[in-house]
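Q: just coords:
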């Protein structure tokens with residue numbers, strides 16, 4: 001039996017691709033293992049797949065700002081490296097697949113020290129910090145955007161497109177409406193700020209609710225500990241995070257307001273959902289979401305509302321404009337060429353494992 005070890009975490013975006021790939025390997029008879037953090041979201045999400053053995057390791061966060069934890073975290077990373085090295089040495093995987101995030105760096109180095117081949121997936125147009133550190137130690141890099149290959153060594157990269165979870169496409173709109181207590185009488189807006197939520201988006205949405213709910217029903221995924229229990233009104237439903245019911249919620253959705261993480265926006269594209277994207281600012285990130293959003297805007301799949309211009313008024317106006325032009329967005333999304341990225345990645349991993 002061949003063994004594959006996955007890694008990636010810190011946010012749902014660094015786990016989604018792994019969750020899409022894991023069922024394929026289980027179906028093909030592989031032993032599947034996962035190295036992640038001790039308390040990150042990846043542990044919670046992978047726990048839903050009992051056939052996967054999860055190994056927690058110590059991790060540190062790669063911060064771009066001054067924080068006292070920056071002094072402690074290098075020691076956590078070193079501890080995680082030793083843990084990952086021993087796990088890989090003991091379990092002898094045929095190949096390791098990394099989705100990135102700060103938890104992946106010790107695993108990548110542990111794979112390199114054990115001479116185990118490693119494939120990296122880069123979702124964004126430009127590689128993140130963890131993947132930039134990891135790429136020199138990798139066997140190859142799968143890219144979602146074709147432009148990414150021009151920034152890396154050509155012999156290491158393959159453009160595979162976006163890996164989409166199959167279950168996302170299997171939602172039922174009636175189940176989604178029943179879950180949220182919605183009707184068929186008004187269109188539905190889904191608002192997502194990422195797995196950790198987005199405080200500015202949450203605040204602005206709540207300020208604009210009276211206006212939005214005149215025309216729309218709103219399902220709001222707020223992020224951990226960001227639900228406001230004081231807000232109870234018809235046509236508005238809020239959750240910290242939705243997992244099993246997400247395909248049904250997406251099926252009933254007419255418009256999406258979201259950050260511009262690559263995994264999410266490509267899933268919305270595959271479902272032909274017009275998007276209003278509010279990317280993380282350069283002060284909050286390395287600017288990758290701005291590039292992702294601009295690429296989608298250029299292709300005619302989405303509108304952008306930059307956070308610096310985000311108010312209750314601009315949000316309501318942008319949603320109204322998006323809804324008015326929704327047919328044009330859907331037509332352009334219908335013309336997009338979707339590659340079978342999941343199969344492409346699976347085949348590349350098989351190639352590497354055979355060698």
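A: The structure has been received and is ready for your questions. Model, not experiment: these values are computed from the prediction. Numbers count the residues shown, from 1 in each chain.
Q: and the longest strand seen in the chain, average pLDDT?
A: Of all the segments assigned as strand in the chain under DSSP state E, the longest by residue count is strand 31-37. The average pLDDT for strand 31-37 rounds to 96.
Q: quick one, longest helix in the chain?
A: Ranked by residue count, the top helix of the chain under DSSP state H comes out as helix 69-91.
Q: which positions in it come out as buried?
A: Neighbour counts using 16 or more other CB atoms under 10 Å place 73, 76, 77, 80, 81, 83, 84, 85, 87, 88, 91 of helix 69-91 among the buried residues. Every residue, glycine included, has its C-beta placed from N, CA and C.
Q: from these, pick the one nearest residue 225.
A: residue 73 (22.7 Å; CB to CB).
Q: next helix or strand past the longest strand of the chain?
A: Sequence-wise, the next helix or strand downstream of strand 31-37 (DSSP states H and E) is helix 41-46.
Q: helices and strands around that next one, which ones?
A: helix 16-27, strand 31-37, strand 53-57 (3 or more CB pairs under 8 Å, 6 or more residues apart in numbering; DSSP states H and E).
Q: just put those in CSV and tack on mean neighbour count and distance to residue 234.
A: Formatted as CSV, those follow (neighbours: other CB atoms under 10 Å; distance: least, CB to CB, whole Å):
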stretch, mean neighbour count, distance to residue 234
helix 16-27, 20, 32
strand 31-37, 24, 40
strand 53-57, 18, 41
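Q: distance to residue 328 added to those, as CSV?
A: Below are the helices and strands packed on helix 41-46 laid out as CSV (distance: least, CB to CB, whole Å):
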stretch, distance to residue 328
helix 16-27, 28
strand 31-37, 41
strand 53-57, 45
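Q: so which of those gets nearest residue 335?
A: Here helix 16-27 is closest among the helices and strands packed on helix 41-46 (CB to CB), at 23.8 Å.
Q: what sits up against the closest one?
A: By CB atoms under 8 Å, 6 or more residues apart in numbering, the residues outside helix 16-27 that reach it are 4, 6, 8, 32, 34, 42, 45-46, 49, 51-52, 97, 99, 121, 123, 163-166, 263-264, 342, 345-346.
Q: do stretch 43-55 as well
A: In contact with stretch 43-55 (CB under 8 Å, 6+ apart) are residues 9, 12, 15, 18-19, 22-23, 26, 32-37, 56, 87, 243-244.
Q: mind listing the strands in the protein by residue range?
A: Along the chain, counting by DSSP E, strands occupy 3-7, 31-37, 53-57, 95-98, 118-122, 140-143, 157-159, 188-192, 217-221, 236-239, 255-258, 275-277, 302-304.
Q: which one of the buried residues of helix 69-91 is nearest residue 307?
A: residue 73 (27.3 Å).
Q: distance of that closest one relative to residue 36?
A: Distance, residue 73 to residue 36, by CB to CB, to the nearest Å: 16 Å.
Q: for residue 325, same thing?
A: When residue 325 is compared with residue 36 (using CB to CB), they lie 41 Å apart.
Q: and for residue 58?
A: 11 Å.
Q: ok, residue 208 next?
A: Relative to residue 36, and taking CB to CB, residue 208 is found at 37 Å.
Q: what's the weakest-modelled helix or strand in this structure?
A: helix 69-91 (a mean of 87; mean pLDDT, DSSP states H and E).
Q: how far is that helix from where the chain is centred?
A: 24 Å (CA atoms, centre = their mean, to the nearest Å).
Q: quick revisit: what sits up against the longest strand of the chain?
A: By CB under 8 Å, 6+ apart, strand 31-37 touches 1-10, 18, 22, 25-26, 42-43, 46, 49, 51-57, 59, 84, 87, 91, 93, 103, 107.
Q: then stretch 341-355?
A: 2, 4, 20-21, 24-25, 94-95, 97, 117, 119, 121, 139-140, 142, 144, 158, 160-164, 166.
Q: buried ones in it, by neighbour count?
A: For stretch 341-355, using 16+ other CB under 10 Å, the buried residues are 341, 342, 344, 345, 346, 348, 349, 350, 352, 353.
Q: what pLDDT, on average, does it get?
A: For stretch 341-355, the per-residue pLDDT averages 91.
Q: quick check: mean pLDDT of stretch 235-248?
A: Stretch 235-248 carries an average pLDDT of 93.
Q: got a list of contacts for it?
A: For stretch 235-248, using CB under 8 Å, 6+ apart, the contacting residues are 12, 45, 48, 167-173, 175-176, 179-182, 186, 195, 197, 209, 213, 216-228, 231, 249.
Q: let's see 7 Å
A: Stretch 235-248 has contacts (CB atoms under 7 Å, 6 or more residues apart in numbering) with 167-168, 170-172, 175-176, 179-181, 186, 195, 209, 213, 217-224, 226-227, 249.
Q: please indicate which of those are buried?
A: Buried among the contacts of stretch 235-248 (16+ other CB under 10 Å): 168, 171, 176, 179-180, 195, 209, 213, 217-223, 226-227, 249.
Q: excluding its backbone neighbours, what's nearest residue 110?
A: residue 84 (3.5 Å; CB to CB, 6 or more residues apart in numbering).
Q: the one you found and residue 106 touch, don't they?
A: Yes. Residue 84 lies in contact with residue 106 (CB atoms under 7 Å); the separation is 4.5 Å.
Q: who touches both of these two?
A: Joint contacts of residue 84 and residue 106 (CB under 7 Å, 6+ apart) are residue 57.
Q: so residue 134 sits right up against residue 108, yeah?
A: Yes. Using CB under 7 Å, residue 134 makes contact with residue 108 at a distance of 4.1 Å.
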